[in-house]
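> here you go, sequence then predicted model.
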Amino acid sequence: MTALPLLTATTARLDELLATAHAGARVPTLVAGVVRNGALAHVSAAGPYAADRQFRLGSITKTMTAALVLALRDEGRLALDDLLYRHLPGTPVGAVTLRQLLSHAGGVQREPDGDWWERNGGTDVETFLSTLTADKVAYPPLHGFHYSNLAYGLLGAVVARLAGEDWCELLQKRILGPLELTRTTYAAQEPFARGYVVHPWLDHLREEPRPDAGAMAPAGQLWSTVEDLARWAAFLADPDPVVLAPATVAEMCAPAVLSDLDGWREGHGLGLQLWRRGDRVFVGHGGSMPGYVSALAVHRPSRSAVVGFANAYTMQYPGGLSGFALDLLETVLEHEPARPAPWRPGTPPPPAVAPLTGRWWWMGREYEAAWHDGALTVTPLTTGGAPWRFEPDGLAPDRWRGRSGENDGEVLQVRRAPSGEVVALDIASSVFTRDPWPAME
């Protein structure tokens, strides 16, 4: 995939914003990469940095764990509304569904028992499961949003049980390998950035340990680079169906729970954070492990993204590194408006389709039906809005199924006169006719 080049003025602005943020962030290295058209288009960096240098992903790991769960769902090996009991029999926290765990809506407490796993390392899966107690469910399921690292340790255990192999091995086989994320690894591989905590008054650096998270690895273990994380961002914007169906990625991006009930500015899908700024919605995730913070922010409509890393837990910026990544991404979208796709001639429709095209009316409103890219599109002209896309249903002649917009999943049935002439389009019981003022039946 060829990156869409940025204007020189845009890259200069991004570099300026990063240099300004770095001056006040109190981190040794701050780096951000911009993705356009499915590829890395620009990297801004301050402090020691090299293109192949790894940083720790932290909770961005959860987005890949969620993709594994959804891949197994698509294969019919689980259902999102399965109770955890079904896959981890005997667990005392089993009365929550996989969907609730994915979206942090199961009421499960944030961390497992024992010392803080992020700094002290984790246990093996069986030990991890054996230490669970019923009080690890802090709230009734669907009580509301409650972020849980523990939930993703449990999801990793489910994946391993179902697949019969280690979470990391499955991740390599199903995600990292197919997407050629060759520098995304379980443990750090040189060259990698050391992670630090900065003393609040002395500007002194203390290097943080890098323990193996063990059974909690699905919540935050992975290491990666700007280039690899940019590929993952590009996948989330425009999925490769070999890895995961586009409809499944869209499902991951749909809001499942709000984490900001007052302003409706933040929420979670299935493994992905959601942010709303004005009329734009972004998906992705933030990440942190001792000594590291990371960010992944994707604007799917424009196939644009920003990924970022810093190697100090104490980065200072409003909203943290995720807030900075969103600021950069908004800068890109404001300075680099999306280019419309060029028009290209298409193939003629089947003979039965041509009579469906043209102008239609419903309740005094005008619509236009047209044939584009193998589908029938119906565009509201009076009220405006995105076209509704319909594809042949396959169950019966003259029956179509909605695949976008407010009629997604609804049925369009062609109505014909005894002579065979098309007289109306019945869309979810609303009858569209050629006459803008049809007689009442």
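Structure's in. What do you need? Numbering: from 1, shown residues only.

> point to the helix or strand of this structure where mean pLDDT is at its lowest.
helix 117-120 (a mean of 79; mean pLDDT, DSSP states H and E).

> how far is the helix or strand following that helix from where the chain is centred?
Scanning forward in sequence from helix 117-120 by DSSP states H and E, the next helix or strand is helix 125-130. Using CA atoms, centre = their mean, to the nearest Å, the mean C-alpha position of helix 125-130 is found 29 Å from that of the whole chain.

> same question for the lengthiest helix in the chain, mean pLDDT?
Criterion DSSP state H: the longest helix present in the chain is helix 8-25. Across helix 8-25, the average pLDDT comes to 97.

> now swap in stretch 215-234 and tell me
Here the average pLDDT along stretch 215-234 is 97.

> what sits against the residue lying closest to residue 28 once chain neighbours are set aside?
Of all residues not flanking residue 28 in the chain, residue 47 sits nearest, at 5.0 Å (CB to CB, 6 or more residues apart in numbering). No exception for glycine: its C-beta is placed from N, CA and C like everyone else's. Residues in contact with residue 47 (CB atoms under 8 Å, 6 or more residues apart in numbering) are 22, 27-31.

> how near is residue 47 to residue 201?
Noted for residue 47: a distance of 21 Å to residue 201, by CB to CB, to the nearest Å.

> beta-bridge partners for residue 31, please?
On the basis of DSSP bridges, residue 31 is bridged to residue 45, residue 309.

> and the helix or strand containing residue 281, C-alpha only, in PDB?
Using DSSP H and E, residue 281 falls within strand 280-289. Listed next in PDB are the C-alpha coordinates belonging to strand 280-289 (Å, rounded to 0.1, in the frame of the first residue of the first chain):
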ATOM      1  CA  ARG A 280     -15.700  12.900  14.300                       C
ATOM      2  CA  VAL A 281     -15.500   9.500  16.000                       C
ATOM      3  CA  PHE A 282     -12.100   7.900  16.500                       C
ATOM      4  CA  VAL A 283     -11.300   4.300  17.500                       C
ATOM      5  CA  GLY A 284      -8.100   2.800  19.000                       C
ATOM      6  CA  HIS A 285      -6.600   2.400  22.500                       C
ATOM      7  CA  GLY A 286      -4.100   3.900  24.900                       C
ATOM      8  CA  GLY A 287      -1.500   1.800  26.600                       C
ATOM      9  CA  SER A 288       0.900   2.000  29.500                       C
ATOM     10  CA  MET A 289       3.300  -0.300  31.300                       C
END
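
> what's the closest non-adjacent residue to residue 10?
Nearest to residue 10 is residue 335, by CB to CB, 6+ apart, at 4.4 Å.

> run a quick neighbour tally on the one you found.
14 (other CB atoms under 10 Å).

> I'd like the distance between it and residue 12.
Counting by CB to CB, the gap from residue 335 to residue 12 is 10 Å.

> can I assume residue 95 sits in a strand?
No. Applying DSSP: H, G, I helix; E, B strand; the rest coil, one finds residue 95 to be coil, outside a strand.

> residues contacting residue 414?
Contacts of residue 414 (CB under 8 Å, 6+ apart): 356, 398-400, 422, 424-426.

> name the nearest of the residues you listed relative to residue 288.
residue 400 (47.6 Å; CB to CB).

> where does that closest one fall, phi/psi-wise?
phi -120, psi 160 (degrees, to the nearest 10).

> then residue 75?
Torsion angles, degrees, to the nearest 10, at residue 75: phi -80, psi 0.

> so how far is residue 282 from it?
Distance from residue 75 to residue 282, by CB to CB: 29 Å.

> could you do residue 146 as well?
22 Å.

> and the helices in this protein?
8-25, 61-74, 84-87, 98-102, 117-120, 125-130, 149-163, 167-171, 217-220, 226-237, 246-253, 320-335.

> tell me the gap between the fifth one and the middle of its chain.
Averaging C-alpha coordinates over helix 117-120 and over its chain gives two centres that are 27 Å apart (CA atoms, centre = their mean).

> can you give me the buried ones in it?
Neighbour-count burial for helix 117-120 flags 117-118 (criterion: 16 or more other CB atoms under 10 Å).

> what lies in contact with it?
111, 114, 149, 208-209, 211, 213-214, 216, 220, 289-290.

> just the closest of those residues to residue 409, please.
residue 149 (34.9 Å).

> relative to residue 203, how far out is the closest residue to that closest one other than its chain neighbours?
With CB to CB, 6+ apart as the criterion, residue 149 has its nearest non-adjacent residue at 4.3 Å, and that residue is residue 219. Applying CB to CB, the value for residue 219 to residue 203 is 31 Å.

> between these two, tell me which one has more neighbours.
Each of residue 219 and residue 203 has its neighbours counted (other CB under 10 Å); residue 219 has more, 27 against 8.

> neighbours of residue 430, just the number please.
What residue 430 shows, counting by other CB under 10 Å, is a neighbour count of 12.

> ok, it touching residue 360?
No. Using CB atoms under 8 Å, residue 430 makes no contact with residue 360, being 10.5 Å away.

> and stretch 261-280, how far from the chain's centre?
Worked out by CA atoms, centre = their mean, stretch 261-280 lies 12 Å from the chain centre.

> what's the answer for stretch 361-379, then?
Going by CA atoms, centre = their mean, where stretch 361-379 is centred and where its chain is centred differ by 31 Å.

> now that stretch - C-alpha only, CSV.
Provided in CSV are the C-alpha atoms of stretch 361-379 (Å, rounded to 0.1, in the frame of the first residue of the first chain):
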residue,chain,number,x,y,z
TRP,A,361,-41.1,9.0,-4.1
TRP,A,362,-42.3,8.3,-0.6
MET,A,363,-44.4,10.6,1.5
GLY,A,364,-43.6,13.6,-0.7
ARG,A,365,-39.8,12.9,-0.5
GLU,A,366,-37.7,12.2,-3.5
TYR,A,367,-35.1,9.4,-3.8
GLU,A,368,-32.8,8.1,-6.5
ALA,A,369,-32.0,4.5,-7.2
ALA,A,370,-28.8,3.7,-9.1
TRP,A,371,-26.5,0.8,-9.8
HIS,A,372,-23.0,1.1,-8.4
ASP,A,373,-20.3,-1.5,-7.9
GLY,A,374,-22.6,-4.5,-8.1
ALA,A,375,-25.3,-3.1,-5.7
LEU,A,376,-28.4,-1.0,-5.9
THR,A,377,-28.1,2.3,-4.0
VAL,A,378,-31.0,4.4,-2.9
THR,A,379,-30.1,8.0,-2.1
